[in-house]
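**Q** Starting from these lines, generate the structure:
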Amino acid sequence: TGLESWNRLKLFAARGVFPHCALLSAPEDLQLPAAKEIIKMLLCAGRGGEDGCAACRAWSGENHPDLILGGEPGKPPAIGECREIIRNMAYKPVVSEKRCALIFSSDLMQLPAANSLLKLAEEPPDHGIILFTAADENRVLPTLRSRAWTLSLWGGERPREKKNPPSSAEEWEKWTEKNSGLEFEEFI
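**A** Next up, the predicted model:
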């Protein structure tokens with residue numbers, strides 16, 4: 001379930017064994033708060049997230065000197081922003097042991113932007129952690145997704161793939177036969 005995944009993710013972050021590249025699959029409204037909680041633990045010297053260490057004191061609202069943001073929930077970074085993320089990840093951390101790149105809406109990224117991050121996702125600097133977010137991990141570029149440890153925070157309801165309606169009489173017949181036993185809510 002989503003709660004089990006969340007607890008496992010927090011445990012990995014707290015133990016300092018978080019993967020170098022992860023994909024957080026969650027509803028859009030949970031992506032920023034969930035990612036921020038994880039990143040607070042990853043950047044914190046004590047791995048608790050709010051223990052008053054130098055890294056915890058370095059937060060200024062949503063910003064941290066060792067956090068690199070790409071895009072925002074619902075709006076993925078463009079290729080220029082992805083190239084800037086790659087450049088910034090090469091720098092050593094300012095106050096933490098790690099630098100974190102948080103890249104939103106990786107399931108909506110244009111192909112050139114997603115491709116530009118492949119090398120970084122596969123071989124980030126020793127001090128780097130990349131966290132991608134997506135509402136639908138199946139829409140993330142497969143080569144990018146294969147480089148990331150995927151964690152789903154979906155509780156049970158998942159986004160449904162939109163399908164085109166049947167286009168021929170035969171397809172409508174098959175569709176009607178297949179869906180004739182559905183309740184109204186399922187049908188919709």
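**Q** dump the residue contacts of Ala54.
**A** Applying CB atoms under 8 Å, 6 or more residues apart in numbering to Ala54 gives the contacts Ala45, Val95. Every residue, glycine included, has its C-beta placed from N, CA and C.
**Q** let me fix that: Lys92
**A** Residues near Lys92 by CB under 8 Å, 6+ apart: Arg99, His127.
**Q** Which helix or which strand is home to it?
**A** Assessed by DSSP states H and E, Lys92 sits outside every helix and strand.
**Q** Can you tell me how far it is from Gly61?
**A** According to CB to CB, to the nearest Å, Lys92 and Gly61 sit 23 Å apart.
**Q** where does this protein have low pLDDT?
**A** Residue ranges of the chain with pLDDT under 70: 1-2, 5-6, 155-169, 171-188.
**Q** Quick check, central residue of it?
**A** The C-alpha lying nearest the average C-alpha coordinate of the chain belongs to Thr133 (CA atoms, centre = their mean; 1.7 Å).
**Q** For the nearest residue to that residue once chain neighbours are set aside, pull up the helix or strand it's in.
**A** The shortest distance from Thr133 to any non-neighbouring residue, by CB to CB, 6 or more residues apart in numbering, is to Gln31 (4.2 Å). Element membership for Gln31 (DSSP H and E) is helix 28-43.
**Q** mind checking how far that helix is from the chain centre?
**A** Computed by CA atoms, centre = their mean, to the nearest Å, the separation of helix 28-43 from the middle of its chain amounts to 10 Å.
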